[in-house]
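Participant: Return atomic coordinates for the entry below.
(chains A and B)
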Amino acid sequence: MNAKLPNVDAQALFHYVLRLGDLSLILGQRLGEWVGHAPALEEDLGVANIALDLIGQARLLLSYAGEIEGCGRDEDKLAYLREQGGYFNAILAEQPNGDFGQTIVRQVLIDAFQLELYERMTGSLDERLASIAAKSVKEVRYHLRYSSGWLVRLGDGTEESHARVQSALNTLWPYTVELFAEDDLDQLMADSGIAPRLSAVHAAWSARLEGILADSTLLRPADRPHLWHGKRGQHSEHLGYILAEMQYLQRAYPEACW
Amino acid sequence: MYTQGLDGQVPDTAAHTDEATLEQRFLARVDAEEKIEPKDWMPVRYRNTLIRQISQHAHSEIVGMLPEGNWITRAPTLKRKAILIAKVQDEGGHGAYLYSAAETLGVSRDQLVEQLLSGKAKYSSIFNYPTPTWADVGAIGWLVDGAAIMNQIPLCRCSYGPYARAMVRVCREESFHQRQGYDLMLQLARGSEAQKRMAQEALNRWWWPALMMFGPSDANSTHTGDSQRWKIKRFSNDELRQKFVDFTVPQAKFLGLAVPDPELRWDEHRQQYEFGPIDWSEFDQVLKGNGPCNAERIAARRNAHAAGAWVREAASAYAAKRRQPSANIAA
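Facilitator: Residues are numbered from 1 along each chain as shown, chains lettered A, B, ... in the order given. A predicted model of the protein is given here:
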């Protein structure tokens, strides 16, 4: 399956790929809630487009995770039939959409993270991840152009829009700490040449955010300690509702094919 | 086929000799199957009819995002979720495209949206029906998009150039949606008993409303004369409805589903299906705003518009700030 893959524990790689896949899955699911309800028709199209890309990334990553695990679970079994603690997305992705400004802030923070991560992952020793990253980075670059374009307009728009997005930024900023908190799994992946060092991703993300926030006339909130980690299966109260909705048909009609 | 309810009278304009000559030339061009383009002279009634028809079509695409969008977060596989998001996005794209076509006739999208939100403009009443189960998503694709194609293929030859060209692209996508909807139904029809039941119930819900999409029967449709004269409309409501029934009944049979019409039978002599009478009182009620979801649909559009006001204002304010420096330089 992975001729060039260094000797890394399959369970660890499985867990790591789920982190990536679940981040796209849950964020895509959240964006799907907007379709038909956005502030303008162009935004319905834009948000749907990003949701579509994210679901596409989730499909590639969850399929790969299923192959690594080797227990016969495909993308749908993984997407729809895990318990809450088995989802490894960062808590930021599951935060509610709020108003359009809050959605945009969440999107900028994650888009910039995925961009810096995937740019570096194109050189992964795991060929499969390298190719998924190469495909995803093109999409994510567009996502960030869209989301940061809106953040600048909202931040530097009216007093009201400025206040709204600054408030959303203050609310969501603490959840970004988790993205860069390197744990044993992140370290193992970096040591094995599978994933970039999170410290490098963080530095690049931080510099990029600095520029976007300056253009948006927004103040960067101070970092605060954040101890709960979605990437280790510890989630907010929101994920349960997301899963209840997303998994409904699969749970209500077990064994049915759709 | 999002154009029903359009056949109201358009006020007559004062005609004088020059106008009469211009109109004769216009009709000669229409008769010669030439396309009328935005800057060409056209009768006021032709322009108004097109504005109403195209904008109603656009509104229908926008409101039509809601019943199917209802299932995006609950689509049962990631592939189906992706297909559904793409489909709903296409509908939004059709809306944008059609608003642009309407704008070539001298109205703004803002004006048209305002007419939708105020309740002045109509949209296809099919979207006032609910989607309680996943099978409704399939039934909409199969039947509603199927009916839309029946009506829109002739519109590709409509005399007004921008509308005709928009329809070419829209039809291509609608036919893709129709196949996806049918594929969804096929999966259910070949599935468990519960899935088959779901599919049958969805067909029961959507069959008659889909037939009503073609508008009143020809005997009661008195305003189609001008549209046919102007080559906007090429077939009558009943002709299109018959085509749809003949096309769709065999598809239902292939699915193993029963069309909910006890009077449905094949007429060997006429080589077409005979079907039972349509309950036009239901159609009238839905048209009057008393359908199961009329209030919800329009409320959803109004809420989205109102909740997004600050976003649109911010975008305008930002754009104005960006324009200002260059304006100063120019001064």
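Participant: Provide the count of other residues in contact range of residue A:106.
Facilitator: Summarising burial for residue A:106: neighbours were counted as other C-beta atoms under 10 Å in any protein chain shown, giving 27. Yep, even glycine has a C-beta here, placed from its N, CA and C like the rest.
Participant: Please report how far it lies from chain B.
Facilitator: 15 Å (C-beta to the nearest C-beta, to the nearest Å).
Participant: name the element that residue belongs to?
Facilitator: For residue A:106, the host element (DSSP states H and E) is helix A:100-121.
Participant: Tell me the buried residues in the helix ranked longest in chain B?
Facilitator: Counting residues, the longest helix found in chain B (DSSP state H) is helix B:161-189. Neighbour-count burial for helix B:161-189 flags B:161-164, B:166-167, B:170-171, B:173-178, B:180-182, B:184-189 (criterion: 16 or more other C-beta atoms under 10 Å in any protein chain shown).
Participant: Stretch B:260-274 now?
Facilitator: B:260, B:261, B:264, B:273.
Participant: Just want the phi and psi numbers for the first one.
Facilitator: The one in question is residue B:260. Backbone torsions for residue B:260, taken as degrees, to the nearest 10, come to phi -80, psi 60.
Participant: Could you verify my assumption that it touches residue B:207?
Facilitator: Yes. Using C-beta atoms under 8 Å, residue B:260 is in contact with residue B:207, at 5.3 Å.
Participant: So the longest helix of chain B, near chain A or not?
Facilitator: Yes. Counting by C-beta under 8 Å from any C-beta of the partner chain, chain A has neighbours in helix B:161-189: residue B:187.
Participant: Can you name the element that comes right after that helix?
Facilitator: Following helix B:161-189 in sequence order, the next helix or strand is helix B:193-212 (DSSP H and E).
Participant: name the helices or strands packed onto the following helix or strand past that next one?
Facilitator: Sequence order places helix B:224-229 as the next helix or strand after helix B:193-212, per DSSP H and E. Counting by 3 or more C-beta pairs under 8 Å, 6 or more residues apart in numbering or on different chains; DSSP states H and E, the packing neighbours recorded for helix B:224-229 are helix B:44-63.
Participant: that older thread, quick one: which of the buried residues of stretch B:260-274 sit in strands?
Facilitator: With strands taken from DSSP state E, the overlap with those comprises residue B:273.
Participant: could the buried residues of stretch B:260-274 go into JSON lines alongside pLDDT and distance to chain A?
Facilitator: Formatted as JSON lines, the buried residues of stretch B:260-274 follow (pLDDT from 0 to 100; distance: C-beta to the nearest C-beta, whole Å):
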{"residue": "B:260", "pLDDT": "98", "distance to chain A": "24"}
{"residue": "B:261", "pLDDT": "98", "distance to chain A": "28"}
{"residue": "B:264", "pLDDT": "98", "distance to chain A": "29"}
{"residue": "B:273", "pLDDT": "98", "distance to chain A": "31"}
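Participant: Identify, from the buried residues of stretch B:260-274, the entry nearest to residue A:43.
Facilitator: Ranked by distance to residue A:43 (C-beta to C-beta), those are led by residue B:260 at 39.2 Å.
Participant: do you know how far the nearest residue to that closest one once chain neighbours are set aside is from chain A?
Facilitator: Nearest residue to residue B:260, sequence neighbours excluded (C-beta to C-beta, 6 or more residues apart in numbering or on different chains): residue B:204, at 4.6 Å. Distance, residue B:204 to chain A, by C-beta to the nearest C-beta: 20 Å.
Participant: Over to residue B:165?
Facilitator: Residue B:165 is 20 Å from chain A, by C-beta to the nearest C-beta.
Participant: Ok, residue B:102 next?
Facilitator: Per C-beta to the nearest C-beta, residue B:102 is found 13 Å from chain A.
Participant: packing partners for the helix or strand that residue falls within?
Facilitator: Assessed by DSSP H and E, residue B:102 sits inside helix B:78-103. Under the contact criterion of 3+ C-beta pairs under 8 Å, 6+ apart, helix B:78-103 touches helix A:10-32, helix A:41-69, helix A:75-80, helix B:44-63, helix B:65-69, helix B:109-118, helix B:161-189.
Participant: nearest to residue B:197, of the ones you listed?
Facilitator: helix B:161-189 (9.2 Å).
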